[in-house]
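*Asks:* Test case, fold it:
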Amino acid sequence: QDAILSYKENLFMKTVLKWIAIIIGGLVVIILIAGAGTAVYANAQFKPQLDDRPLYEITADTSPEGLERGAYLMEGVTDCAEACHANEEDGTLSGYYEEINEGPIAGVFSTPNLTPDEATGLGSWSDAEIARAIREGVDKDGVALEVMPSYHLNALSDEDVAAMVGYLRGLEPVANEVPAFQLNTPGKIMLAFGVIGAEALQDPITEAQETPPEGTAAYGEYLVTIGFCRECHTENLGGGPLPFAGPDDPPSANLTPAGELQGWAAEDFIRAVREGEKPSGNALSEDMPRYQMTDEDLTAIFEYLQTIPPVESQ
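*Replies:* So this is what the prediction gives:
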């Protein structure tokens, strides 16, 4: 009987181990299938070709007023030049690139040449194609762009995007071949799921978009959107950790009525944004750009911030 009992125990253990192996094997297969499916999805989402993408007609505004407005938007509000497209060697908007090798992510981060050079820049693009790239995240050939803040610039009015295109048309052409933006599969997966930035691709613009009346809170909201304020201060402007911040980096400020602007006057806000100095005399973080915007526009932003729902600082 002892032999029979031992046999039954061994049989039971073998059955248990068999089912454990089956379960583990099944989980491994599921993980492999899910991983392969995720990789396929991420690769399909990376720079998709958009056939029959509509092209909303825009004509560059190259009038003196348009060029002035375009320069103001490009240099003072959106800061496209300093933030991304400036060539580190000569300061032109001819783009730049650098190798990426951070943990599992590898590739090439690059920003396009925005000068009107025919071969390497925007010289061969139409005005409407440039405007579409800015507002919709789609290039001349109908390919979706990556890491382009069209999710903010999509709000640009026809008038303002025409002024920005006019500004770019007026730049000195610079021949600078910039390699394409590239990522390995882990990088593409993180990009596809929003880990390293929001999706650039936006819905097609098919109707006219107008600039809100200047000096109003609505115009202040417009400037907050196209000025990328939510990129750092979060969607509800309640502040928080900066993108890709280290553990010791200070969070962005809470700009809602419950936050750090309590007790500030418009003049205080203007000085802080433009000069980086708080009413207390303390300096703002170096991570905060010093926007060179007009008093009127900064006042409109300040007035808009007084109207948004308060968010308690964390």
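*Asks:* For the stretch 101-250 of the chain, just list every one of the strands.
*Replies:* Listed in chain order, the strands of the stretch 101-250 of the chain (DSSP state E, counting those that start in this stretch) span 105-111, 182-183.
*Asks:* Quick check: pLDDT value at the residue nearest the centre of the chain.
*Replies:* Geometric centre of the chain, nearest residue: residue 149, 3.7 Å, by CA atoms, centre = their mean. Note on residue 149: pLDDT of 90.
*Asks:* Can you pull the poorly scored residue ranges out of the stretch 51-200 of the chain?
*Replies:* 196-197 (pLDDT under 70).
*Asks:* Helices of that one, start to end?
*Replies:* Ranges of helices in the stretch 51-200 of the chain, per DSSP state H, counting those that start in this stretch, are 64-72, 80, 127-136, 150-153, 158-169, 185-192.
*Asks:* Show me what the last one packs onto, helices and strands only.
*Replies:* The one in question is helix 185-192. helix 2-45, strand 105-111 (3 or more CB pairs under 8 Å, 6 or more residues apart in numbering; DSSP states H and E). For the C-beta atoms, the positions are set from N, CA and C on the backbone; glycine is no exception.
*Asks:* By mean pLDDT, show me the worst of the ones you listed.
*Replies:* For these, where the average pLDDT is lowest is helix 2-45, sitting at a mean of 51.
*Asks:* Show the average pLDDT along stretch 280-298.
*Replies:* 89.
*Asks:* Please produce CSV containing the helices of the stretch 51-200 of the chain, extended by distance to residue 267 and mean neighbour count.
*Replies:* Below are those laid out as CSV (distance: least, CB to CB, whole Å; neighbours: other CB atoms under 10 Å):
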stretch, distance to residue 267, mean neighbour count
helix 64-72, 21, 16
helix 80, 28, 22
helix 127-136, 33, 23
helix 150-153, 27, 21
helix 158-169, 27, 24
helix 185-192, 42, 20
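*Asks:* closest one to residue 120 among those?
*Replies:* helix 158-169 (14.0 Å; CB to CB).
*Asks:* May I have the closest one exported as CSV, CA atoms only?
*Replies:* Only the C-alpha atoms of helix 158-169 are listed here, as CSV (Å, rounded to 0.1, in the frame of the first residue of the first chain):
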residue,chain,number,x,y,z
ASP,A,158,-5.8,81.2,-40.7
GLU,A,159,-4.5,84.7,-40.4
ASP,A,160,-1.8,83.8,-37.9
VAL,A,161,-0.6,80.7,-39.7
ALA,A,162,-0.4,82.7,-42.9
ALA,A,163,1.8,85.2,-41.1
MET,A,164,4.1,82.4,-39.8
VAL,A,165,4.4,80.9,-43.3
GLY,A,166,5.3,84.4,-44.6
TYR,A,167,7.9,84.7,-41.9
LEU,A,168,9.5,81.4,-43.0
ARG,A,169,9.4,82.4,-46.6
